[in-house]
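**Student:** Here is a sequence with its predicted model. Questions after.
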Amino acid sequence: MGWANYELMGSVEETIRRLTEERGRARVVAGGTDLVVQLMEEGQREVSTLLDISQISEIRGITESDGHLLIGAATTISELASSELIWEKARALAQGARFLGSPQIRNVATVGGNVVNAQPAADTSIPLVALGAEAKIVSSEGERWVLVEELFRGVGMSAVDPCRELLTQFRVPVYEPPQRASTMERLARRKAFTLPTLSVAVSVESDRRRERFSRARIVVAPVAPVPWRARRAEEAIKGADLTKAHIREVAAIAREEAWPRESLRGGVDYRKDMVEVLTSRALVHVLSLLKREPHE
Amino acid sequence: MSERSITFTLNGLKQTVRVGEHRLLIDLLREDLGLTGTKRGCGNGECGACTVLINGDPVASCIYPAVKVDGRVVMTVEGLAKSPKDLHPLQTWFLKLGAVQCGFCIPGILMSAKGFLERRPNPTAEEVRQALVGNLCRCGGYQKIIAAVLAAAAELRGESLGERKEMSGGGALGRSLPKLDGVPKVTGAAQFAADLRRPGMLYGAMVWSPHPHAKIVEIDSKRALSEEGVVAVLTAKDVPGPNAYGVIVKDQSFLAAEKVRYVGEPVALVIGRDEFIARLAAEKVRVSYEVLPPLFDPREAMKPEAPKIHDRGNILIHRKIRKGDIEKGFRQAEVIVERDFTTQTVEHAYIEPEAALAFWEGEMLVVHCCSQGPHYHRQEIARMLNLPISKVRVIQATTGGGFGGKIDLSLQHFVALGAFVTGKPVKMVWTREESFRTSTKRHAFYLRYRVGATRDGRLCAAYAEIIGNTGAYASFGPAVITRSATMALGPYDCPNVHVDAYGVYTNSQIAGAMRGFGAPQMSPCHEPIMDEIGRRCGLSPLEIRRINMLRVGSSTVTQQVLTAGVGALETLEKVAAEIE
C-alpha cells in the first residue's frame, strides 16, 4: 500500500541526481492524480520513494518562441485550460484540458503526467499527438527530443522510464488561423468527469489561398492501445479541396481503418460509426476556424 | 516510512507539524489535526467530499500527499465561517435555500464553490454547474445547491437580495424553517460516525469471501494474530448468541459460519491497534474454501433442480394476487399487449460510507453509527451478544445518506462484537469498495406482462409474473416483492388481475430496501403498456390514463376499495395542464 518516502524536488538536476542515487527504487511523480490512486490500490513495493516534480518552477508555465509553444511538463491542466495562448494557438489542447476530469483533478494533474501515464485516450495526449508536439526527456545520460506520438508503447506503458528519467517540456508547433488550426471532439456518456467513448483531435494546414488542405493529422482514441492516427484518411485529405464532400469521404476512410474494441463505454460498431461522425465534425469545425465554410 | 516537519497556513494560522511522508492530506487534517469537516467519500478523488483549497484552488485531499502542502495555504470548511454565529454567505444561502440535506457532501461543495467564486465572482448557472462537476450529492439533487451558490455570489458582490418571501401564517406551519441541524452541517462541526473517536480505540477490518458460493473449510488466523498490534481475530465461533439475523427472515450469519453465499460476505473480523494494522492483518487471515457452483439468474435458481443456496430452497417468497376472473377478462379483451422487461441492480451510493464506533459505558454497550434503523440494530446486537436489550444503546450519528441502504446491519454488529470481546472501544469505517461490495442493493427484476383492454381503452385483464433477484439473503426481500406485486399495475384500475411475484435467492449481492421499495421497478413496465394500449385503441397517452386511473370508489389490485385521498387523476390533470 502506497509509498514510504515522498520528496519534493527543487530542480531537474536534483531529480536526476536522486534517480541515479536510488537506482530504480525511486520514481518520478507529478500531480499524482492517477499514480497515487494506483499505488494505494496495488502497491509497488520495489519503488519506495516518490520524487515529486510538480513544484519545480523551471518546468512550469507556457511561453511562445519561434513558431512553437513551450509548455513545462509540470504545468497543471487548469493552467492549460485557462491559457489564452493555448486557446489561440493550440485550440485542440485547450479543449482537451477542459474535458479532463474535474476542477479538483485539473488543479493538480499535470500535462506531463497525463502523457507519461500513457492511457490511450488521455485528454491532453490526443491533441498533443495531433499537433505534432515533441517532448524533452532528461536523464543522467543527457537530454533528447522525441515526438509525443512515439512515447506510447501500450496501455499504461510509456517510453519514458520514470525510475530513470523525466519529461520536462513540450514543444508544440503553433496552429493558428488563417492557414493552420486544430480542434478536438469528444463523446462520452456524461457531459463531465467521465472517460471518453471516443475522442478525435485534428490539426490541419491549408494552402495559401485556403482552397485545399495541404496536410492534416487525425488522431482517434480509444481505438488502439496507443493514440492512433488515421493515416489513410490523412493521406486522402492531402491536396483535397475544402469541401463537405471531401470531408465526408475522409471521415468514411477513418471509419473504415479504425478498429476499436468493445468496452463498457461503447461497442465496436457504435465506436466505428462515431469515428466517422466525430472526424467529420472536427474537420468542419476546423474549417470554420480557418473562416472557411466548406461548400458542397 | 520517513517523517518530515512541514510548515503551512491552515485556515489563516501558521502550523508546523511532523507528518509521515506516506500519508495523505485528508488524514493529516482529520486524524492529526482533528478537522473532521473534510469527508472521505470514495478515496479516489472522484466524489469531491474531501475537497479543500490549496492556495485558493479546490483539490481532492484524499489523493494528495500531505507533505505537498509545505509552504502553502490550506483552507478547510472549518475556516469558512468567522465564527458559528458569523457564517460565510455561501453557508447562510445553503441553509436558507434548503441546499443541505444529509450534509456529508456539503463541506466539499462549499470549498469548491468558495474557490470558484474567488476566481469568478459573477458566474452563470451553467458555470456553477461546471465548477461543481467534481462534487457528487445523492440526496438533494443539485438545483438548490446551484441556486445557493448564485445567491451567495450576488451577496458577495454586494447586491442586496432581500429575504426570501416567507409564507404568511403564525408559528411554524406553512413556513420554510431552517434545518434544525443545518448550521453544524455547513461549518463542518456535524459529527458523522467516521468523525467519532474514543481514547484507546481499536479498529476493525473485515475478511470477506472472494467466492460467490463456497463452503468454509478452515479459517487460519495464526499469521494475522502474530502481527504486531493485532488484538483479536473473530469468527462465527466468537458470536456468543445465535449466529443468525435478518429483519424479516433470520437467514444471515453475523459472521459466515459454514457457507458463504456472495462475494463480499464477511467471514472474519480483525481487531487491531489502528486501521492500517487491522487491514494489513486481514489480508493474512487464511480461509480455505470448497467452491460450490454459483447461481446469479433467479430464473435458473428457482428451478426445482437448481443447487440449493439455502437448505429450505431458493424461493424466498411467492406472493400471489388473484382478483376477479382472469380467463374471463382476457376473453373480453379486444386489444392485448404482451411485453417482457428487465430492471437492473442499483447501489444506493450514499456519499458517506458505513461507519460505526462501539464502547462500554459501565455495563452499557454503546454503539454510535450511521443508521436508518437504530431500534432494529439494537435488537440484533442484543441477540447476537446474549445481552438484555436494556444493556445496549444504539445512537444514530449524523448519517450521510441512506435511501434504505442503512436500515440493514452493515458493520454496527462488528464494532459491537469487537468491543464486547476486547472490552475496548472499537471503530470501523468501510472503504467505498467495501460499501459497494457488501451493502444491500435494489432488487433486479425479470418481468412478464400481458394486459388486455376493450376497444374503448378500458383495462379488463392484467397478468404479471415478477421474478426478483433477492441475492444471498432475505433482508427486506419479502416486503419488497409484496410491494412490487401490489404495485404491478401502478395507479390503474382493472377488474381481473393475476400476479405471481417471486423473490428468489441467488449468489448475487443482497437486495434490500431502496427508495420506493419495489414500486419503482413497476413503472417502466405498466407505463409503456398503457401507451401501447392507447395507440391500439386510438387514444392519446393522456386519454388512456384518464380512462383507467384509480379514483374514489375504485378497487385496487388487492381489492381495497378506495374511499378518499386518491390523488392520481388530479396529478394527471395538473401534468396535462402543464403540457398543454
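**Tutor:** Perfect, I can see it now.
**Student:** pLDDT score assigned to whichever residue of the stretch 151-296 of chain A sits closest to chain B?
**Tutor:** The stretch 151-296 of chain A approaches chain B most closely through A:A192 (3.8 Å), counting by C-beta to the nearest C-beta. All C-beta atoms are positioned from the backbone trio N, CA, C, and that covers glycine. With respect to pLDDT, A:A192 scores 87.
**Student:** One more: A:R210?
**Tutor:** 83.
**Student:** There's contact between it and A:L287 in this structure, I believe.
**Tutor:** No - taking contacts as C-beta atoms under 8 Å, A:R210 lies outside contact range of A:L287: 9.1 Å.
**Student:** Common neighbours of these two, please.
**Tutor:** Contact with both A:R210 and A:L287 is made by residues A:L242, according to C-beta atoms under 8 Å, 6 or more residues apart in numbering or on different chains.
**Student:** which one of these two has more residues nearby?
**Tutor:** Neighbour count, other C-beta atoms under 10 Å in any protein chain shown: between A:R210 and A:L287, A:L287 has more, with 22 against 15.
**Student:** and whichever strand or helix holds A:I16, average pLDDT?
**Tutor:** Following DSSP states H and E, one finds A:I16 within helix A:12-22. Helix A:12-22 shows a mean pLDDT of 98.
**Student:** can you list contacts of that helix?
**Tutor:** A:7, A:9, A:26, A:28, A:49, A:51, A:53, A:56, A:58-59, A:138-140, A:163-166, A:168.
**Student:** 6 Å instead?
**Tutor:** Helix A:12-22 has contacts (C-beta atoms under 6 Å, 6 or more residues apart in numbering or on different chains) with A:M9, A:A26, A:T49, A:L51, A:I53, A:V138, A:S140, A:R164, A:L166, A:T168.
**Student:** Quick check on the residues you listed: which are buried?
**Tutor:** Buried members of these, counted by 16 or more other C-beta atoms under 10 Å in any protein chain shown: A:M9, A:A26, A:T49, A:L51, A:I53, A:V138, A:R164, A:L166, A:T168.
**Student:** Can you tell me which of these is nearest B:I510?
**Tutor:** When the buried ones among the contacts of helix A:12-22 are compared for distance to B:I510 (C-beta to C-beta), A:T49 wins out at 42.9 Å.
**Student:** secondary structure class for B:R437?
**Tutor:** Assigned with DSSP: H, G, I helix; E, B strand; the rest coil, B:R437 falls in the helix class.
**Student:** related to what we said a few turns ago, in helices, which of the buried ones among the contacts of helix A:12-22 appear?
**Tutor:** Using DSSP state H to define helices, no part of the buried ones among the contacts of helix A:12-22 is located there.
**Student:** Tabulate those (JSON lines), appending pLDDT and distance to A:E235.
**Tutor:** Putting the buried ones among the contacts of helix A:12-22 into JSON lines (pLDDT from 0 to 100; distance: C-beta to C-beta, whole Å) gives the following:
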{"residue": "A:M9", "pLDDT": "98", "distance to A:E235": "44"}
{"residue": "A:A26", "pLDDT": "96", "distance to A:E235": "44"}
{"residue": "A:T49", "pLDDT": "95", "distance to A:E235": "47"}
{"residue": "A:L51", "pLDDT": "98", "distance to A:E235": "43"}
{"residue": "A:I53", "pLDDT": "98", "distance to A:E235": "39"}
{"residue": "A:V138", "pLDDT": "98", "distance to A:E235": "35"}
{"residue": "A:R164", "pLDDT": "97", "distance to A:E235": "37"}
{"residue": "A:L166", "pLDDT": "97", "distance to A:E235": "35"}
{"residue": "A:T168", "pLDDT": "98", "distance to A:E235": "34"}
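**Student:** State the phi and psi torsions of the closest residue to chain B within the stretch 1-150 of chain A.
**Tutor:** Going by C-beta to the nearest C-beta, chain B is nearest to A:S102 of the stretch 1-150 of chain A, at 2.6 Å. Note on A:S102: its backbone torsions stand at phi -130, psi 170 [degrees, to the nearest 10].
**Student:** which residues touch it?
**Tutor:** Taking C-beta under 6 Å, 6+ apart as the criterion, A:S102 is in contact with A:F193, B:V133, B:G134.
**Student:** looking at this, the last one is in a helix?
**Tutor:** To tie it back to what came earlier, the one meant is B:G134. No - looking at B:G134 with three-state DSSP, it is coil, so not inside a helix.
**Student:** isn't it right up against B:C50?
**Tutor:** No - look at B:G134 against B:C50 with C-beta atoms under 6 Å: they stay out of range, at 10.5 Å.
**Student:** Settle it for me: which of the two has more neighbours?
**Tutor:** Using other C-beta under 10 Å, the more surrounded residue of B:G134 and B:C50 is B:C50, with 29 against 26.
**Student:** In this structure that one contacts B:G37, no?
**Tutor:** No - with contacts counted by C-beta under 6 Å, B:C50 stays clear of B:G37, the gap being 10.3 Å.
**Student:** Could you chop chain A up by domain?
**Tutor:** A:5-52, A:61-173, A:181-289 (automatic domain parsing).
**Student:** Switch these over to a markdown table; also include distance to B:H377.
**Tutor:** Output for those, formatted as a markdown table (distance: least, C-beta to C-beta, whole Å):
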| stretch | distance to B:H377 |
| --- | --- |
| domain A:5-52 | 31 |
| domain A:61-173 | 35 |
| domain A:181-289 | 35 |
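**Student:** which stretches of the chain have low pLDDT?
**Tutor:** Looking at chain A here, since you left the chain open. Within chain A, the stretches with pLDDT under 70 are A:1, A:43-46, A:293-296.
**Student:** You answered for a different chain; I wanted chain B.
**Tutor:** Applying pLDDT under 70 to chain B flags the ranges B:161-170.
**Student:** and it, which of its residues are near chain A?
**Tutor:** B:1-2, B:21-22, B:44, B:51, B:57-60, B:63, B:65, B:67, B:133-134 (C-beta under 6 Å from any C-beta of the partner chain).
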